[in-house]
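**Q** below is the structure, and that's it, no one-letter string:
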């Protein structure tokens, strides 16, 4: 938490609420998540600044702090945000908070301290790892099939590794990588160079359709910003359960150190390794 659909929802729901608000005070409870790239203390630097447009850049959330600063948040797996009215509880494991000029408080919570919050001089994104090396935004009009084809043509890695490479496609996480491959009918370990033209087209179409579906599902759930909305996912986290298409048991496999969930019937392994996934343990 969060993945791209979650971030899109956060920007849409939170952006209009905080844009133009002045930060009166900041409190820091867990400085481990902070990366201060300018001289000074975090509370002193942000106090009095006005929050400008909240935007998504790949897996990052960015808001200008007027004058002269940028706040970039990489929430990773455990970062969460809550905009609370007076009297409402803080997030569990709150790392820092902003008291805003309308009486509300913006909390950042991170139970595992995995997120990274950067405070930099305005426009100094080069000091933020991976910020400037993001590939094409897969939700943008720039993400054409021609561009996708040019990217995958040069790859010999596994399909799941390719679609999660943020220097190529920005930015697909673990959950939606599984859902995209399921929609396309492609095994997560399938080598990119072995995919037929039809399968490459199916993979491109699945990236677009699955993320659009995920965004719609997250938004329609209307849950608090900090909640993980995952009940709509069809294969992710469902090892041992029946495939919603064919009824076979969903399997789990490791791909480059990450768990991957797939249907062995809808996503047959055509790598020639001789593995019959339908007969392997499902856990």
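**A** Cool, the structure landed. Predicted, not measured: the structure shown is a model, and the values here were computed from it. Numbers count the residues shown, from 1 in each chain.

**Q** this protein: strands as residue ranges?
**A** With DSSP state E as the criterion, the chain has strands at 23-28, 34-36, 50-57, 60-66, 69-74, 79-84, 94-100, 105-110, 116-121, 136-137, 169-170, 251-255, 258-262.

**Q** okay, the ones you listed in TSV with distance to residue 199, mean neighbour count and mean pLDDT next?
**A** Just so you know, the C-beta spots here come from the backbone N, C-alpha and C atoms, and that holds for glycine as well. TSV is the format used below for these (distance: least, Cβ to Cβ, whole Å; neighbours: other Cβ atoms under 10 Å; pLDDT from 0 to 100):
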stretch	distance to residue 199	mean neighbour count	mean pLDDT
strand 23-28	49	16	98
strand 34-36	41	16	98
strand 50-57	29	18	97
strand 60-66	31	19	98
strand 69-74	32	20	98
strand 79-84	35	21	96
strand 94-100	43	21	98
strand 105-110	39	23	97
strand 116-121	36	19	98
strand 136-137	20	16	98
strand 169-170	16	24	97
strand 251-255	17	19	91
strand 258-262	15	20	94
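
**Q** adding distance to residue 204, write these out as a markdown table.
**A** Output for the strands of the chain, formatted as a markdown table (distance: least, Cβ to Cβ, whole Å):
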| stretch | distance to residue 204 |
| --- | --- |
| strand 23-28 | 42 |
| strand 34-36 | 35 |
| strand 50-57 | 21 |
| strand 60-66 | 24 |
| strand 69-74 | 27 |
| strand 79-84 | 30 |
| strand 94-100 | 38 |
| strand 105-110 | 34 |
| strand 116-121 | 31 |
| strand 136-137 | 12 |
| strand 169-170 | 10 |
| strand 251-255 | 20 |
| strand 258-262 | 19 |
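
**Q** which of those sits closest to residue 244?
**A** Of all these, strand 258-262 sits nearest to residue 244, with 12.4 Å by Cβ to Cβ.

**Q** in terms of secondary structure, what does the worst-scoring helix or strand of the chain on mean pLDDT contact?
**A** In the chain, the helix or strand scored least confidently by mean pLDDT, DSSP states H and E is strand 251-255, which has a mean of 91. Judged by 3 or more Cβ pairs under 8 Å, 6 or more residues apart in numbering; DSSP states H and E, strand 251-255 is in contact with strand 258-262.

**Q** what pairs with the strand it packs on, and is each one parallel or antiparallel?
**A** strand 251-255 (antiparallel) (DSSP bridges).

**Q** for the chain, what are the low-confidence residue spans?
**A** Low-confidence segments of the chain (pLDDT under 70): 1, 272-283.

**Q** what's the domain layout of it?
**A** For the chain, automatic domain parsing gives the domain ranges 4-127, 136-279.
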